[in-house]
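Enquirer: Quick one: sequence plus predicted model below, questions after.
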Amino acid sequence: MNELEPRFSKSDTLYPDYRLAGELEAFGPFNTQACFQCCKCTNGCPVTFAMDLYPDQVIRLVLIGQRKAVLSCHTIWVCSACKTCTTRCPNEVKITELMDCLKELAIQDGVPCPQPQILTLHETFLDNIKKRGRLFEVSFLPSYLLRSGEFTRKWRQGRWQADAKLGLQMIRKGKFSPFPKRIRGTQDVRRILSPSRREKNSS
Amino acid sequence: MKATYYPGCFLQGTAKEYAESILEICKHLNIQLEEVPDWNCCGATAAHSIDHRASIELAGRNLNLAAELPHADMLVPCPMCFNRLKTASFALQGEQKERYHIGLSDSIPAIWDLANFFATEDMLQLMAKQVKKPLDGLKVVCYYGCMAYRPQKITEATDVENPLSMDRIIERLGGTALSWPYKTDCCGAGQVLSRQDMVSRLVGKLYDMAQRVGAQAVVVSCQMCQANLDMYQTSIGVDWGKQFSLPIYFFSELMGLAMDVKGVRKWLARHITNSLSLLNQLGL
Ligand code: SF4
Ligand code: SF4
């Protein structure tokens, strides 16, 4: 994709640091060390067109300790978690699961997310289920649109009509249930989702 | 028979027609569903993307609640929930289980992807006996998406590259399920709000191939795939410079249609892409 800048140029010197793979393994197993660079993961990946690093490159860069490169790339965020790569890898490298782990580490390290709207989507979703223990789409959709700036962007670019039309159509067809249910165990859900319990924080 | 049921959040909201069709066909087939008491959201993509521990514990709480019911099987219509519940059951029984602040009850039920449940031979036979209006002349492709099958270590699916559950169901209902190459290619539903451009590329490819193999419609078992394939056909058509008009049916709606249960037309009227005129044309 043109808008993505290449991460490395041929003249860059890389300084390998073999500790990163081991550090990540504590959250795994991801079996990155078993990768023999066959690229099967990349060849079956449906969203390589939106990636700045291919899945096999992410694995390789993890192995040579390029922490900054893998934590700041678009790839970990645009990965759709379809698990085709994990399913097909001949060496049982858990690529999808590693992509998730890298996202979590990137947040913990305070690395700016290159796909902020995707991060906002996840955060809005989790905040929404903290309220009642279940997702309530009627408040989730507008709060995502506002928080991500999508609403303003669409408004400015005059692209909101199509969405508004679709929204109205959905309301007319009775797609939305206006009455949310709050579960008795909402407190359990909040406790599970409290940030202090994040895996990457506690270790 | 009786079974435990985990509907998941979307079936209480925008996928109402999926929920209603499941309840009706189960009633018709004499399967009594008992909902997991006080179930919570499984966390879906959001949780596993940015909070791994929570993703396992959220699903784990549901499994423990499901264990309180006496039934051997738990039916899960949403493939995303299915995948998360299966993942949690593995994580909480595996070598890393000590990492989580939740233990797993030892009486959790067998976790079923709903389409796979209906595609077992017993169920197919039970269903075939009830077919009153066979789906004559209906040519579809079945689209399975990602979550019911991958990775097979977690889902325990045997036919991960070429799943057949819905194809079998459609054939037993008297319809034709065409073979096509994109059964399990991702539609990008998780990115539909954040990256519509990506979704247009992924879904356009599916429509294009479905039409090229001669399908009149697409059959799905996932409400996220359904919404993603149903709602944006016009705008994706514009991106692709083509006209797409493919009804996107839930397999359960077609089961309801063939078994002549009540409510089918009401469910189909909720779809955004017109799903009724094809059936009217075919006299179904
Ligand atoms: S498929 Fe597995 S072994 Fe091959 S490049 Fe990808 S991660 Fe490495
Ligand atoms: S899980 Fe992510 S990296 Fe792997 S094939 Fe799917 S989109 Fe590509």
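Expert: On my side now, so go ahead. Residues are numbered from 1 along each chain as shown, chains lettered A, B, ... in the order given. Ligands and ions are numbered 1, 2, ... in the order given.
Enquirer: since we're on B:Ser179, how many residues are nearby?
Expert: Using other Cβ atoms under 10 Å in any protein chain shown, B:Ser179 has 11 neighbouring residues. Just so you know, the C-beta spots here come from the backbone N, C-alpha and C atoms, and that holds for glycine as well.
Enquirer: same check, this time on A:Arg190
Expert: Neighbours around A:Arg190, by other Cβ under 10 Å: 13.
Enquirer: And the one 3 residues further on, by the same measure?
Expert: Under the neighbour criterion other Cβ under 10 Å, A:Leu193 is assigned a count of 22.
Enquirer: Now do the end-to-end distance for stretch A:38-47.
Expert: 18 Å (Cα to Cα, to the nearest Å).
Enquirer: List the buried residues in it.
Expert: Residues of stretch A:38-47 classed as buried: A:Lys40, A:Cys41, A:Thr42, A:Gly44, A:Cys45, A:Pro46, A:Val47 (neighbour count, 16 or more other Cβ atoms under 10 Å in any protein chain shown).
Enquirer: can you check stretch B:230-240 too?
Expert: For stretch B:230-240, by 16+ other Cβ under 10 Å, it's B:Asp230, B:Met231, B:Tyr232, B:Gln233, B:Ile236, B:Gly237, B:Trp240.
Enquirer: can you narrow those residues to ones near chain A?
Expert: Among these, proximity to chain A is found for B:Met231, B:Tyr232 (Cβ under 8 Å from any Cβ of the partner chain).
Enquirer: mind listing which of the buried residues of stretch A:38-47 are in helices?
Expert: A:Lys40, A:Cys41, A:Thr42, A:Gly44 (DSSP state H).
Enquirer: I figured the last one hits A:Arg88, correct?
Expert: Yes. A:Gly44 lies in contact with A:Arg88 (Cβ atoms under 8 Å); the separation is 5.5 Å.
Enquirer: Can you show me the helices along the chain?
Expert: Reading this off chain A. Under DSSP H, chain A gives helices at A:19-25, A:40-44, A:55-63, A:67-72, A:75-78, A:84-88, A:95-108, A:116-132, A:137-147, A:150-156, A:160-172, A:186-193, A:199-202.
Enquirer: wrong one, chain B
Expert: B:16-28, B:44-50, B:52-66, B:79-91, B:114-118, B:121-130, B:152-155, B:165-172, B:196-212, B:223-231, B:233-240, B:251-258, B:264-268, B:276-281.
Enquirer: Domain ranges for chain A, per the record?
Expert: Using automatic domain parsing, the domain parsing of chain A gives A:10-108, A:116-202.
Enquirer: would you list those domains in JSON lines and tack on distance to ligand 1 and mean pLDDT?
Expert: Listed next are the domains of chain A as JSON lines, based on distance: least, Cβ to the nearest ligand atom, whole Å; pLDDT from 0 to 100:
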{"stretch": "domain A:10-108", "distance to ligand 1": "3", "mean pLDDT": "92"}
{"stretch": "domain A:116-202", "distance to ligand 1": "22", "mean pLDDT": "85"}
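Enquirer: Could you check how many residues crowd around A:Ala106?
Expert: Neighbour count of A:Ala106, defined by other Cβ under 10 Å: 23.
Enquirer: which non-adjacent residue is nearest the spatially most central residue of chain A?
Expert: Closest to where the C-alpha atoms of chain A average out (Cα atoms, centre = their mean) is A:Trp77, at 3.9 Å. Nearest non-adjacent residue to A:Trp77, counting by Cβ to Cβ, 6 or more residues apart in numbering or on different chains: A:Gln115, 3.9 Å away.
Enquirer: residues in contact with A:Lys130?
Expert: Contact analysis of A:Lys130 by Cβ atoms under 8 Å, 6 or more residues apart in numbering or on different chains lists A:Thr186, A:Val189, A:Arg190, A:Leu193.
Enquirer: What's the nearest residue in the stretch 1-150 of chain B when you look at ligand 2?
Expert: Closest approach between the stretch 1-150 of chain B and ligand 2, counting by Cβ to the nearest ligand atom: B:Cys146, at 7.7 Å.
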